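>>> sharing a model prediction with you, sequence too.
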Amino acid sequence: MKRILWLSVGAAIGVIVVRKVNDARGAIGPEGLNRAVGRLADSVYHFADQVRDGMKEREDELRAALALDEKRP
């Protein structure tokens, strides 16, 4: 009974290792590199958009606080 248990544990570990190796091989190739660079570029653009939105919001708050948007007589 112990042999069957260890055989099934070994088979399960083998399947997991083969899947991880195949995933790693796919990530290392040109397609995987392109996907990684694309994701990184999307993240950078998204972060830059958020920073710009935050800067605009803060500028509007400061202009309102200093009454710079009101017309002078």
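Arrived safely, thanks for sending.
>>> okay, and for the protein, where does confidence drop off?
Across the chain, the ranges flagged by pLDDT under 70 are 70-73.
>>> so which residues of it form helices?
For the chain, the helices defined by DSSP state H occupy 2-28, 30-66.
>>> as JSON lines, these with mean neighbour count would be great.
Every C-beta, even on glycine, is put in place using the N, C-alpha and C of the backbone. JSON lines is the format used below for the helices of the chain (neighbours: other C-beta atoms under 10 Å):
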{"stretch": "helix 2-28", "mean neighbour count": "10"}
{"stretch": "helix 30-66", "mean neighbour count": "10"}
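>>> how near is the closest residue to Gly32 other than its chain neighbours to Lys20?
Among residues not flanking Gly32 along the chain, Gly26 sits closest, at 5.3 Å (C-beta to C-beta, 6 or more residues apart in numbering). Distance of Gly26 to Lys20, given as C-beta to C-beta, to the nearest Å: 11 Å.
>>> residues making contact with stretch 53-63?
Residues outside stretch 53-63 that contact it (C-beta atoms under 8 Å, 6 or more residues apart in numbering): Leu68, Asp69.
>>> let's see that with 7 Å instead.
Asp69 (C-beta atoms under 7 Å, 6 or more residues apart in numbering).
>>> from here on, count from 42
In the new numbering, first residue 42, that becomes stretch 94-104.
>>> now that stretch: how far from the chain's centre is it?
27 Å (C-alpha atoms, centre = their mean, to the nearest Å).
>>> do the same with stretch 76-85
In this view, stretch 76-85 has its centroid 8 Å away from the chain centroid, taken as C-alpha atoms, centre = their mean.
>>> now stretch 70-81
Centroid displacement of stretch 70-81 relative to its chain, using C-alpha atoms, centre = their mean, is 12 Å.
>>> what's the answer for stretch 87-97, then?
Relative to its chain's centre, stretch 87-97 lies at 17 Å (C-alpha atoms, centre = their mean).
>>> nice, that's everything, thank you.
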